[in-house]
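Trainee: A predicted structure for the sequence below; I have some questions about it.
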Amino acid sequence: LSRAPESTDYFTCLLVGPTPFHHSYTTMLSSSRGKPRRPPRVELTEEQKQEIKEAFDLFDTEKNGRIGYHELKVAMRALGFDVKKQEVLRIIDEQDRSGTGTIDFQDFQEIMKQKIIDRDPMEEIVKAFRLFDDDQTGKISLKNLRRVAKELGQQLSDQELQAMIDEFDLD
């Protein structure tokens with residue numbers, strides 16, 4: 001498979017999982033007056049909300065409903081966001097109303113919701129493509145798929161892997 005797919009399709013979902021943000025927004029008109037309407041409000045799926053809750057609970061080691069700098073950084077990384085120290089410190093500074101250097105679940109949920117909504121699906125596709133293309137050839141080869149399948153504990157034959165390539169190869 002060469003290059004990352006140009007659009008979000010079945011193969012993309014296999015690589016990065018389905019997201020509620022596959023569709024693009026276009027300008028919509030609210031009435032005959034032609035005034036632009038706000039894009040529809042994007043909500044997280046129940047599964048995404050549950051993942052956020054699980055990440056928070058996992059790193060709330062003191063079970064007090066609050067997480068500090070290190071726990072926040074690791075929880076965000078567990079949800080797929082590699083954040084720098086300065087960003088984590090900024091988040092805590094902005095959200096810590098108690099002055100304890102920690103944030104509560106409600107704040108964490110709002111932060112993660114916004115980060116998920118702001119995530120660029122094409123950037124996620126490219127990241128996933130690079131994980132497969134470890135030899136940096138610009139293509140996903142049978143060798144690449146075999147390695148990923150093994151890492152994921154999947155027992156797939158070369159014929160099954162080749163069938164995946166044949167089905168989704170764009171060139």
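Mentor: That came through fine.
Trainee: any low-confidence regions in the protein?
Mentor: 1-41 (pLDDT under 70).
Trainee: now the helices for it?
Mentor: 10-16, 46-59, 69-78, 85-95, 105-118, 121-132, 142-151, 158-168 (DSSP state H).
Trainee: what angle do the second one and helix 69-78 make?
Mentor: Spelled out, it's helix 46-59. 150 degrees (axes from the mean of the first three to the mean of the last three CA atoms, to 10 degrees).
Trainee: flag every buried residue along helix 46-59.
Mentor: Buried residues in helix 46-59, counting neighbours by 16 or more other CB atoms under 10 Å, are found at 48, 51, 52, 55, 56, 59. To be clear about C-beta, it is placed using only N, CA and C from the backbone, and glycine gets the same treatment.
Trainee: and those, which is closest to residue 123?
Mentor: Of all those, residue 123 sits closest to residue 48, with 17.5 Å by CB to CB.
Trainee: surely the closest one meets residue 116?
Mentor: Yes - using CB atoms under 8 Å, residue 48 is in contact with residue 116, at 6.2 Å.
Trainee: returning to what we had before: TSV for the buried residues of helix 46-59, including distance to residue 71?
Mentor: TSV is the format used below for those (distance: CB to CB, whole Å):
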residue	distance to residue 71
48	20
51	16
52	14
55	10
56	9
59	4
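Trainee: of all the residues you listed, which two lie farthest apart?
Mentor: 48 and 59 (17.2 Å).
Trainee: thought residue 108 was touching residue 68?
Mentor: No - assessed by CB under 8 Å, residue 108 is found out of contact with residue 68, at 11.5 Å.
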